[in-house]
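**Q** Quick check, what structure comes out for this input:
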Amino acid sequence: MAALDSSIVNIALPTLTQELGTTIDRVKWVVILYLLVITCLLLPFGRLSDQWGRKRVFQGGYWVFTLGSLLCSFAPSLHLLVAARMIQGIGASMLMANGPAIITAAFPGDGRGGALGIMSMVVSAGLISGPGTGGLLISYLGWRSIFLVNVPIGIVGIMLVQRYLDKDPKPQKNIPFDWIGSILQTVVLLMVIFVFDPSTLMSLPVAAEFLGWMSGMLSRIWIGGATILLFLFFLRVEARARAPLFDLSLMKIRTFWTSNLASLLTFVAFSTVLILMPFFLEQAMHLPPHLAGAFMTAIPVTILVIAPLSGRLSDKLGCRGLSVAGALVGALDLLAMAGVFGTGLTKDAGAHAVILGLAAIGLALGLFQSPNNNAIMGAVPLSKLGVASALLATIRNLGLVIGTALAMGVFSWKMDLTHGDFVHSLHFTYLIGAGVAVMAGVAAFAKKEA
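**A** Numbers count the residues shown, from 1 in each chain. Reported below is the predicted structural model:
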């Protein structure tokens, strides 16, 4: 449910733009802030659950997420909808941070890898199937239904946690929480999103007053330099912390950091499709939301077929080759949709061409993610599986945040240059996404083969 809400709003963005009387540049905050809150709070809530108890934090996540969903469904304006989405994000981070740890504790033997693999598939399916579900709900029940549907599901979740999860041990009060590291991590992640889309920073009055004189490129350079310095300071703090939020020892494992880098780049690349394709289907092809959502289901359907097969194949053939293949298939598909091979996506594109292009994205994700996650978790010591799972979720969400900001920023910039040429702007953005996917393939190749 938490993963689904990372993408279910994408299909509603055109509708929200019209019904709330706003613009594409502003409505993107409905997506970005939700993902950003999750990304910033995953590691802190994972750490807090070790001290306060996983059941307490996990069940609390259901309460907060359900409340946020209810507030979203009744939001009368964009500003209040964004605020409610932030509450949703807090609850989602409490859920996502604890899921892998709870499963790890429940499967101490050989079944642990399979259980974590199943969870990764479910999370991926949730991330990608949102547009299809959202399209049907919007068409028949209105945009508020995509949030209201979470309320009964959340109530059932609260009851299931209460009944089936073991009672937490007493909180560990002797272990200090890394508050400084948590704050620094949040600021660093915020700075990262500003690097890729400075307009988000300039929308803040204080920032606009101090940085408004800068050009777009100069602001990126200034913010990027500040981000690097702050990140280095964060690493120094974590190296000296008694109970660090970020376990630096994991970065000594080449397969771990290269696979995480590949995951980050993959989600950045494919976010260009997830965020912009609904606009293409509804505004360029003039499809109603339910048909646009039906087209988008080509991605999750393909993932659900391919991901289990690639996971099993990775046990026999290794993880590296399949991960590289997935990234490169995605790059070729993005190049095709950008018009490098043929005409690409145009207003006159046939349904079969669009569905084939989306299915190829599902093929790429299905080939890539299961073997890549298998490589990450297989390279980590058993004692650090929980931390590795939280970092894996953080990297995935960070990729979605960066990808969403990058796609919207590049698309809007190109639209201004081309005086509103939607198709040309879309092609240019997909071309950038293809380049990022190639970089993901290089990172996946750099891992050690098991």
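**Q** quick one: the helices in the stretch 301-450 of the chain?
**A** 320-337, 351-378, 385-417, 422-445 (DSSP state H, counting those that start in this stretch).
**Q** Could you do the stretch 151-300 of the chain as well?
**A** 179-196, 198-202, 205-211, 216-240, 254-279, 289-296, 298-317.
**Q** Can you lay out the ones you listed as TSV showing mean pLDDT?
**A** Output for the helices of the stretch 151-300 of the chain, formatted as TSV (pLDDT from 0 to 100):
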stretch	mean pLDDT
helix 179-196	81
helix 198-202	57
helix 205-211	50
helix 216-240	81
helix 254-279	89
helix 289-296	79
helix 298-317	80
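**Q** Quickly compare those helices and say which is most buried.
**A** helix 254-279 (a mean of 25; mean count of other Cβ atoms under 10 Å). (Each C-beta comes from the backbone N, C-alpha and C, glycine too.)
**Q** and of the helices of the stretch 301-450 of the chain, who's closest to residue 175?
**A** Closest approach to residue 175 among those (Cβ to Cβ): helix 385-417, 14.0 Å.
**Q** buried set for the closest one?
**A** 385-415 (16 or more other Cβ atoms under 10 Å).
**Q** ok now that helix, how far from the chain's centre?
**A** When distances are taken as Cα atoms, centre = their mean, to the nearest Å, helix 385-417 is centred 6 Å away from the chain's centroid.
**Q** what inclination does it have with respect to helix 179-196?
**A** If you take axes from the mean of the first three to the mean of the last three Cα atoms, to 10 degrees, helix 385-417 sits at 30 degrees to helix 179-196.
**Q** can you tell me which of the helices of the stretch 151-300 of the chain comes nearest to residue 330?
**A** helix 254-279 (6.2 Å).
**Q** tell me what the closest one is packed against?
**A** helix 13-19, helix 111-141, helix 289-296, helix 320-337, helix 351-378, helix 385-417, helix 422-445 (3 or more Cβ pairs under 8 Å, 6 or more residues apart in numbering; DSSP states H and E).
**Q** List of residues touching the helix or strand just after the second one?
**A** On the C-terminal side of helix 111-141, the closest following helix or strand by DSSP states H and E is helix 145-148. With Cβ atoms under 8 Å, 6 or more residues apart in numbering as the contact definition, helix 145-148 has outside contacts at 8-9, 12, 69-70, 72-73, 84, 88, 133-134, 137-138.
**Q** what's the answer for stretch 423-431, then?
**A** 272-273, 276, 280, 284, 334-335, 337-340, 344-347, 407, 410-411, 414-415, 418.
**Q** if we can go back for a sec, adding distance to residue 432, write the helices of the stretch 151-300 of the chain out as JSON lines.
**A** Listed next are the helices of the stretch 151-300 of the chain as JSON lines, based on distance: least, Cβ to Cβ, whole Å:
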{"stretch": "helix 179-196", "distance to residue 432": "11"}
{"stretch": "helix 198-202", "distance to residue 432": "17"}
{"stretch": "helix 205-211", "distance to residue 432": "24"}
{"stretch": "helix 216-240", "distance to residue 432": "15"}
{"stretch": "helix 254-279", "distance to residue 432": "7"}
{"stretch": "helix 289-296", "distance to residue 432": "21"}
{"stretch": "helix 298-317", "distance to residue 432": "20"}
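**Q** closest one to residue 370 among those helices?
**A** Of all the helices of the stretch 151-300 of the chain, helix 298-317 comes closest under Cβ to Cβ, at 3.6 Å.
**Q** Please state the offset of the closest one from the chain centre?
**A** That offset, for helix 298-317, works out to 20 Å (Cα atoms, centre = their mean).
**Q** got it, and stretch 226-246?
**A** That offset, for stretch 226-246, works out to 23 Å (Cα atoms, centre = their mean).
**Q** With just CA atoms, put it into CSV.
**A** Only the C-alpha atoms of stretch 226-246 are listed here, as CSV (Å, rounded to 0.1, in the frame of the first residue of the first chain):
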residue,chain,number,x,y,z
ALA,A,226,27.5,22.9,-0.9
THR,A,227,25.9,19.4,-1.1
ILE,A,228,29.3,17.7,-1.6
LEU,A,229,30.8,19.5,1.4
LEU,A,230,27.8,18.7,3.6
PHE,A,231,27.9,15.1,2.5
LEU,A,232,31.6,14.8,3.4
PHE,A,233,30.8,16.4,6.8
PHE,A,234,28.0,13.8,7.3
LEU,A,235,30.4,11.0,6.6
ARG,A,236,32.9,12.3,9.1
VAL,A,237,30.1,12.6,11.8
GLU,A,238,28.9,9.0,11.0
ALA,A,239,32.5,7.7,11.3
ARG,A,240,32.7,9.0,14.8
ALA,A,241,29.2,8.2,16.0
ARG,A,242,28.7,5.5,18.6
ALA,A,243,25.6,4.1,16.9
PRO,A,244,25.8,5.6,13.4
LEU,A,245,22.7,6.0,11.2
PHE,A,246,24.7,5.1,8.1
